[in-house]
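need the 3D shape of this:
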Amino acid sequence: MTRQIKAQEAYAEVKKLKKYLPILEDIVVTPNVQSLKIVEKLKKLLKAGDDLDAYHIFNRLTKQEERLFGFVGGYIPMVDFDKIEKILNQLEKDYEKQKGGMFKSTVQDYAKLVLELQSKLEAKDREINDLLEFQASTLNMAADKARITAGTSKKNFENGEETIRKILQNRYRGQSEDIDVEKLRRVFYGKKEEYFNS
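Predicted coordinates for the structure are as follows:
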């Protein structure tokens with residue numbers, strides 16, 4: 001039997017778990033981005049002040065976090081608090097094993113650096129997406145404004161926009177790839193499928 005609670009009314013359950021917050025503030029987790037992010041998300045959840053705060057946190061979970069936290073979206077989003085408590089219990093056990101010591105401080109510093117680096121990479125990724133969005137819009141506008149006699153240029157603008165939109169779609173789905181400017185240049189000069197064929 002699971003403790004399924006409506007996400008919009010979850011704060012009462014969140015309050016019961018606030019006792020774990022000092023552990024989350026002090027624990028050393030494996031310094032990989034995923035583990036660090038899960039602990040950071042749990043911290044935010046346990047710091048929530050009301051139902052609305054908690055609901056917003058649940059709505060911003062990644063697919064993997066949804067699975068781990070037992071979150072199911074839909075008309076009435078639900079959360080499985082047994083799953084959340086199970087994670088917190090495991091973290092508490094890990095914490096008991098690692099109390100104190102120089103190693104802990106070193107790993108915590110390293111974990112902080114990993115999160116900072118990840119945050120910078122995500123910001124850079126958003127910047128790249130914004131620039132691609134701008135380029136796609138510019139190509140769309142150029143295609144609209146192209147003279148009737150400039151059919152080839154118009155088609156190249158459209159192909160360039162279509163390719164950039166496909167790249168963006170892949171990036172938003174998490175299938176991020178390095179942007180190959182030379183391939184994009186070839187697309188712009190009329191080779192529509194060139195970008196996606198290596």
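
from now on I want contacts and neighbour counts done on CA atoms only, so please keep to that.
Will do.

any idea of the pLDDT on Met74?
I think there's a mix-up here, since residue 74 is Gly and not Met. In this model, Gly74 is scored at 82, pLDDT.

all strands for this protein, in order.
Taking DSSP state E, the strands of the chain run over residues 4-6, 71-72, 78-80.

and of those, who's closest to Glu162?
Nearest to Glu162, of all these, is strand 71-72, at 33.8 Å by C-alpha to C-alpha.

could you count how many residues lie near Asp180?
For Asp180, the neighbour count with other C-alpha atoms under 10 Å is 9.

err, Phe134, not the other one
Number of residues near Phe134 (other C-alpha under 10 Å) recorded here: 12.

which residues are in contact with Glu92?
Glu92 makes contacts with 20, 23, as judged by C-alpha atoms under 8 Å, 6 or more residues apart in numbering.

from Glu13, how far out is it?
Applying C-alpha to C-alpha, to the nearest Å, the value for Glu92 to Glu13 is 18 Å.

what do you get for Leu61?
In terms of C-alpha to C-alpha, Leu61 sits 18 Å off from Glu13.

center of the chain, which residue is that?
In the chain, the centroid-proximal residue (C-alpha atoms, centre = their mean) is Thr62; its distance is 5.9 Å.

quick one: low-confidence ranges for the protein?
1-2, 31, 100-104, 176-177, 190-198 (pLDDT under 70).

which one is Glu162 nearest to, not counting chain neighbours?
Excluding the flanking residues, the one nearest Glu162 by C-alpha to C-alpha, 6 or more residues apart in numbering is Ala136, at 7.8 Å.

mind listing what the closest residue in space to Asp94 that isn't next to it in sequence touches?
Ranked by C-alpha to C-alpha, 6+ apart and with sequence neighbours excluded, the top spatial neighbour of Asp94 is Ile27, at 7.9 Å. Ile27 sits next to 91, 94-95, 98 when contact means C-alpha under 8 Å, 6+ apart.

just among those, which is most surrounded?
Counting neighbours by other C-alpha under 10 Å, Leu91 comes out on top of the contacts of Ile27 with 19 neighbours.

ok, that one - contacts?
Counted by C-alpha under 8 Å, 6+ apart, Leu91 has contacts 23-24, 27.

circling back: next, give phi and psi for the residue nearest to Asp94.
The phi/psi pair for Ile27 (degrees, to the nearest 10) reads phi -70, psi 150.
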